[in-house]
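K.L.:
Need a 3D model of the following:
(chains A and B)
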Amino acid sequence: MNIIVPIKQVPNLTDELEINDEGTDLAHDMVQYVLNEFDEHALEEAVLIKESVGGTVTVIGVDTTGELDGILHLALAKGADKAMKITGDFMPGTPSHVQAQLIADAIRTLAPDIVLTGVQAADDRDGQIGPMLAAHLNLPYVGVVTGVSITDGQAIVHKEYAGGVMAEFIVALPMVVGVQAAHRPPRYAPVSKIRQIAKTARIEALAGVETAQAGSTVRRMFKPEAAGHAEMWDGTPDEIAEKIADLLAEKGLLKRTL
Amino acid sequence: MTVKYEKAVAIEKESVIVDGVDISGPWNRMFEQRVIFEYTPERIEEIASIPGAESFAYCYQCAKCVPVCPVDVVGNYGPRKLYRYVQTGMDLSQAPELWLCTTCANCLRVCPKEVNMVHIMPAVREQAILDGKFVPPELQQAFENTAKFGNPLGQPQRKRDAWVSKAGVPVPIIKDVGRPVAVLWYVGSYPSYHPRGMDAACAAARIFNALGIDFAILGKEEKDDGDSQRLAGEKGLFEALAEYNIATFNKYEWDEMVVTGPHELNAFKKVYPQYGFRRPVVHYTTFLVRYLDRLKPLLKYPVNKKVTFHDPCYLGRHDGEYEAPRRLLEAIPGLELVEMGRNRENGYCCGGGGGGMWLDSFTTNHTTMRLSEKRVMEAAATGADVLAVCCPFEVSRFEDAVKSTGNDHLLVRDILELLDASMRGSP
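P.N.:
Okay, here's the model as predicted:
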């Protein structure tokens, strides 16, 4: 089983993010990058598939920060077998349309049996890399997936819908999967192992040629603006409870039965 | 493991009649020495073959360690017991027992064979983690936070010195000072980020200012020391932090480093030297005691409280400092210091060392109560109003334990906070 996991670096959301002077993007020089959480789940699901049916896991990403190696080392420590990076004059925050094209070009020749990537990422949140990869590669796509198992050259894919509805798809391989969550929590990679890998690992670098355009342009990026004010209520707990109940009823959120 | 039993053979008569009286019975029979096949030394050898864990095999089962083990007080533990469990087949690398030791070193203090759990447990844990064995999720989270954010709390690096604005006194950042300083104060992760830790950090800043100490902090360049992560088995993470920290410390000129926490003291004084860092480091209690003559006149307001002091394992047993914290407390007017039964060399562990700080939910399932709860009960039994501490792990641990054991009357205060209260007259 040739398993490919496209990954992406995203801003570390624990840090306070700053907007650039033009007000159109993050101030990327102030940002620390981490592996996209959903990609981490895609990688875990890939390693679980490898462990159950055999194969190799290749992790691949567009190096938009010059710091992708660290993330690839982490992926190798978590169980990936090969790491590749697409290099070129790419800026942090390279749009998902461009990244999808670059990744599709790189993995087309690798003849993947299954491509697992995060269903979305904390930067664009448009969830487009998976579907666009599938479109470029002319493969089926299922997103918001919480588990994949492989039998007889087919993938059985669990997909989550809104309202707690689940569905199971049987999909002919090869395919692209957008992973919401691996069926087990992502494993821990000891730093000793990552450091050891950092010294010995070979990362294959591919020069990427950008042919796609961004799907959209950001006109203005800004921090949430506070609207309205909180109203503080005084009174005994009973009085306040009564006021809360009245307000909920007034807003149509509560039906009062007397 | 094969378990074989050989029936013991009696070498004397099965029945004895003396003067017509049958005195047969097992009590008058001697048996051949029995060859015991119930266990094999294999698992012991497995552990002793891990670098750092060699002394595990030295144990000769005298059991002096068991009554002094703080975990045994609330459970069934201790090096001798671990040895016996392993001897009879336990795979320590996958047993919950692997994570219960807090590396408090009270067993090592009494061990005639120098079985050193402070080395053994981290070595076995490291091996287990590298082999992909179970790691309690809360500990894993602390490791990941430390690796990603430079602190186990998962707080942003850029907010590391945000507490400074609350101190009400200047707290110079060494990068901005632009000249050598006498004291580099390594604040530590909990004093930098935890709300109650920040209280101690602010108190320390006010005390240093009042004493006219020429100090500076690393600010946003400071990262966790990594020592407790090392003791919990993540040596690689520790080494990455040590390399970063040593390079950062060496960027600046300073004469002496003062640390808020005993774990940082252990890291910088005992372990970082193996990575090439050899510069003077002291805990704040040891440091402030030198200024006692200048400090005493500043302590203008009495703190009329009965106070008991908890010796941190990594200041006391690990570094031999028992007097400085007590001398600081005794310098506060109105304060009455009382001792708990277990103090100084035999001080009871708060449960936070060796990674225990990030294992509370896990250990709760394997002990009758938390070590911090046991300790708070001991403190309350002295009739004290205040439990004084000087390790940044302890304030939050003991404050939680105060609530869970129904001892809400007991205040938990860092010595820094008590000194500050006496300086400023605040409660």
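K.L.:
Regarding A:Lys243, what is its secondary structure?
P.N.:
Each residue gets one of three states, and A:Lys243 gets helix by DSSP: H, G, I helix; E, B strand; the rest coil.
K.L.:
and the residue in the stretch 1-150 of chain A that chain B sits nearest to, how many neighbours?
P.N.:
The nearest approach of the stretch 1-150 of chain A to chain B comes at A:Asp15, 4.4 Å away (C-beta to the nearest C-beta). The way it works is simple: take the backbone N, C-alpha and C, and place the C-beta from them, glycine included. Residues lying near A:Asp15 (other C-beta atoms under 10 Å in any protein chain shown) number 17.
K.L.:
List the contacts of it.
P.N.:
A:30-32, B:156-158 (C-beta atoms under 8 Å, 6 or more residues apart in numbering or on different chains).
K.L.:
Equivalent analysis for B:Ile120, please.
P.N.:
B:Ile120 sits next to B:47, B:52-53, B:55-56 when contact means C-beta under 8 Å, 6+ apart.
K.L.:
at 7 Å instead, please
P.N.:
B:52-53, B:55-56 (C-beta atoms under 7 Å, 6 or more residues apart in numbering or on different chains).
K.L.:
How about the contacts made by the residue of chain B found nearest chain A?
P.N.:
Proximity of chain B to chain A (C-beta to the nearest C-beta) peaks at B:Gly236, 2.8 Å away. By C-beta under 7 Å, 6+ apart, the contact set of B:Gly236 is A:190-195.
K.L.:
so what's B:Phe37 scoring on pLDDT?
P.N.:
B:Phe37 carries a pLDDT score of 63 in this model.
K.L.:
what helix or strand is B:Leu337 on?
P.N.:
In this structure, B:Leu337 sits in strand B:336-338 according to DSSP states H and E.
K.L.:
what sits up against that strand?
P.N.:
Strand B:336-338 is contacted from outside by B:306-309, B:326, B:329-330, B:382, B:384, using C-beta under 7 Å, 6+ apart.
K.L.:
switch to 8 Å and redo it
P.N.:
B:305-309, B:326, B:329-330, B:382-384.
K.L.:
And those, which of them are buried?
P.N.:
B:305, B:307-309, B:326, B:329, B:382, B:384 (16 or more other C-beta atoms under 10 Å in any protein chain shown).
K.L.:
picking up where we left off before, output those of the contacts of B:Gly236 also counted as contacts of chain B.
P.N.:
A:190-195 (C-beta under 8 Å from any C-beta of the partner chain).
K.L.:
List the ones among the residues you listed that fall in strands.
P.N.:
Using DSSP state E, no member of the ones next to chain B among the contacts of B:Gly236 falls in strands.
K.L.:
Show the pLDDT at the residue nearest the centre of chain B.
P.N.:
Centroid-nearest residue in chain B: B:Gly353, 2.9 Å away (criterion: C-alpha atoms, centre = their mean). At B:Gly353, the pLDDT value in this model is 97.
K.L.:
what comes up buried for stretch B:213-229?
P.N.:
B:213, B:215-229.
K.L.:
hmm, back to that, of the contacts of B:Ile120, which is the nearest to B:Lys166?
P.N.:
Nearest to B:Lys166 among the contacts of B:Ile120 is B:Gly52, at 41.4 Å by C-beta to C-beta.
K.L.:
Is it correct that that closest one is in contact with B:Gln127?
P.N.:
No - applying C-beta atoms under 8 Å as the test, B:Gly52 and B:Gln127 come out as separate, 9.4 Å apart.
K.L.:
ok, these two, which is more surrounded?
P.N.:
Neighbour count, other C-beta under 10 Å: between B:Gly52 and B:Gln127, B:Gln127 has more, with 20 against 17.
K.L.:
and the closest residue to that one other than its chain neighbours, what is it in contact with?
P.N.:
Leaving aside its sequence neighbours, B:Gln127 sits nearest to B:Ile50 (C-beta to C-beta, 6 or more residues apart in numbering or on different chains; 5.2 Å). Shown in contact with B:Ile50 (C-beta under 8 Å, 6+ apart): B:123-124, B:127.
K.L.:
try it again with 10 Å
P.N.:
B:56, B:93, B:119-120, B:123-128 (C-beta atoms under 10 Å, 6 or more residues apart in numbering or on different chains).
K.L.:
what does B:Asp72 give?
P.N.:
B:65-66, B:78-81, B:100, B:107, B:367 are the contacts of B:Asp72 under C-beta under 10 Å, 6+ apart.
K.L.:
So which residues of the stretch 1-150 of chain B form helices?
P.N.:
B:42-48, B:65-68, B:70-73, B:79-87, B:106-110, B:117-130, B:137-149 (DSSP state H, counting those that start in this stretch).
K.L.:
List the pairing partners of the helix or strand of chain B with the lowest mean pLDDT within its sheet, with orientation.
P.N.:
Within chain B, no helix or strand scores below strand B:17-18, which has a mean of 85 by mean pLDDT, DSSP states H and E. As defined by DSSP bridges, the strand partners of strand B:17-18 come to strand B:21-22 (antiparallel).
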